[in-house]
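[1] Predicted model, plus sequence, below.
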Amino acid sequence: MPSIGEQKDFVQRYFELEKSTHSISTELDRQLALVKELRQAYLREAMQGKLTLQNPSDESAAFLLEKIKAEKEKFVAEKKIKRVKALPPLTAEEIPFGIPSNWIWCRLGEISNSMSTGPFGTMLHQSDYVREGTPLINPMNIVNGKIVPSEKMVVSEATKQRLSSYQLEEGDVVIARRGEMGRCAVVTETETGWICGTGSFFISLSSLINREYFVKVFSSGYSRSYLSGFSVGETMDNLNHRILNSYPLPLPPLAEQERIVAKLEELIKSCDELEANVRESMANADRLLQTALKEALEPKEA
């Protein structure tokens, strides 16, 4: 049993170490926030055409949009998709920032071939969930632009067939319909055949749109702010078809979309490495405090 003097000395040293650790943690939290801001700054510059050098030889986005419209008309004629009501042109008030001259502002409904909501909640019951089967994709399964399945949200083959119209195809984009706005992910070969959940949309974009470009734009601060401002629901933000169809986004030429994605992936990777280093420093600071506490409490040899 340590003496009163030793106990007081330990308490004093521990409080000083804890204060120092808290100061370090506060600084590291600030650094994490700065990394988050840096990611958004890169996205913002990308959407404004400031992240990459514009190539004058690129086919203009206005011409690209005409090709997308022609593609949709072809699919309508082949009865692959349904004709939808034309969307109103964007007004000056709807355009939040400037873009390069060979880009164009458009609405999401103009570049998508179809847009569907997941099944109603009444179409799924507790008894439909099994231990092994086909995953459902709800908002909780969309994490940092990727699809992360849950073992608890899996349905049987019979349920999968019953919900066949909600099965996802490679290249579809899944969008969270409720909660935090801006969450979305591209369906890869791995997720083909999985089921869109009740809390999500799935969109089939034109083949002339780079999916990763769209996901990066849709997850930006601009998009989150726009979608939150127009979403509905008293207790939780919710999207609907009208909001999504009307959503304005900057459309670069296809070659520029690809350059933006490549540059962003390079920069975001650097941000991820910075964040990993900061989190490792946070873990080290916590380990230092725990080690000091352990050593202080261990009995001293006589």
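    That came through, no problem.
[2] Not counting its neighbours along the chain, what's nearest Phe75?
    What sits nearest to Phe75 in space, not counting adjacent residues and going by Cβ to Cβ, 6 or more residues apart in numbering, is Ile81, at 4.6 Å. Where C-beta positions appear, they are placed from N, C-alpha and C, glycine not excepted.
[3] Which element, helix or strand, includes the one you found?
    For Ile81, there is no enclosing helix or strand under DSSP states H and E.
[4] Also Leu87?
    Assigned by DSSP H and E, Leu87 falls within no helix or strand.
[5] doesn't Ile111 make contact with it?
    No. Between Leu87 and Ile111 there is no contact under Cβ atoms under 8 Å: 10.8 Å.
[6] Ser223 touches Val217, doesn't it?
    Yes. With contact defined as Cβ under 8 Å, Ser223 reaches Val217; the gap is 6.5 Å.
[7] The two: which has the busier surroundings?
    The neighbour comparison of Ser223 against Val217 (other Cβ atoms under 10 Å) goes to Val217, with 23 against 20.
[8] Confirm that that one sits in a helix.
    Yes. If the criterion is DSSP: H, G, I helix; E, B strand; the rest coil, then Val217 is within a helix.
[9] tell me which residues in the strand ranked longest in the chain are buried?
    In the chain, taking DSSP state E as the definition, the longest strand is strand 129-137. For strand 129-137, burial by neighbour count (16 or more other Cβ atoms under 10 Å) applies to Tyr129, Gly133, Thr134, Pro135, Leu136, Ile137.
[10] okay if I get these as JSON lines plus distance to Val174 and pLDDT?
    As requested, the buried residues of strand 129-137 are exported to JSON lines (distance: Cβ to Cβ, whole Å; pLDDT from 0 to 100):
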{"residue": "Tyr129", "distance to Val174": "19", "pLDDT": "86"}
{"residue": "Gly133", "distance to Val174": "18", "pLDDT": "91"}
{"residue": "Thr134", "distance to Val174": "14", "pLDDT": "94"}
{"residue": "Pro135", "distance to Val174": "12", "pLDDT": "94"}
{"residue": "Leu136", "distance to Val174": "11", "pLDDT": "94"}
{"residue": "Ile137", "distance to Val174": "5", "pLDDT": "95"}
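[11] wait, which of those residues is closest to Ala158?
    Ranked by distance to Ala158 (Cβ to Cβ), the buried residues of strand 129-137 are led by Gly133 at 9.3 Å.
[12] Am I right that the closest one is in contact with Met153?
    No. The pair Gly133 / Met153 is not scored as a contact, 9.9 Å apart, by Cβ under 8 Å.
[13] what do Ser223 and Val217 both touch?
    Leu249 (Cβ atoms under 8 Å, 6 or more residues apart in numbering).
[14] Please, which helix or strand holds Glu265?
    Going by DSSP H and E, Glu265 is in helix 254-297.
[15] now for that helix, which elements pack on it?
    Applying 3 or more Cβ pairs under 8 Å, 6 or more residues apart in numbering; DSSP states H and E, one finds that helix 254-297 makes contact with helix 4-47, helix 211-218.
[16] Run through the stretch 101-250 of the chain and note the low-pLDDT ranges.
    233-236 (pLDDT under 70).
[17] how's the chain carved up into domains?
    Following automatic domain parsing, the chain resolves into domains at 1-56+253-302, 59-252.
[18] Pick the most buried one from these.
    domain 59-252 (a mean of 17; mean count of other Cβ atoms under 10 Å).
[19] Centre of the chain to it, how far?
    Centroid separation for domain 59-252 versus its chain: 12 Å, with Cα atoms, centre = their mean, to the nearest Å.
[20] Find the nearest non-adjacent residue to Gly121, please.
    Nearest residue to Gly121, sequence neighbours excluded (Cβ to Cβ, 6+ apart): Thr198, at 5.0 Å.
[21] helices or strands up against the host helix or strand of Pro250?
    Per DSSP H and E, Pro250 falls inside strand 248-251. Judged by 3+ Cβ pairs under 8 Å, 6+ apart, strand 248-251 is in contact with helix 61-77, strand 104-107, helix 211-218.
[22] TSV please, covering these and showing distance to Arg177.
    Below are the helices and strands packed on strand 248-251 laid out as TSV (distance: least, Cβ to Cβ, whole Å):
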stretch	distance to Arg177
helix 61-77	23
strand 104-107	18
helix 211-218	13
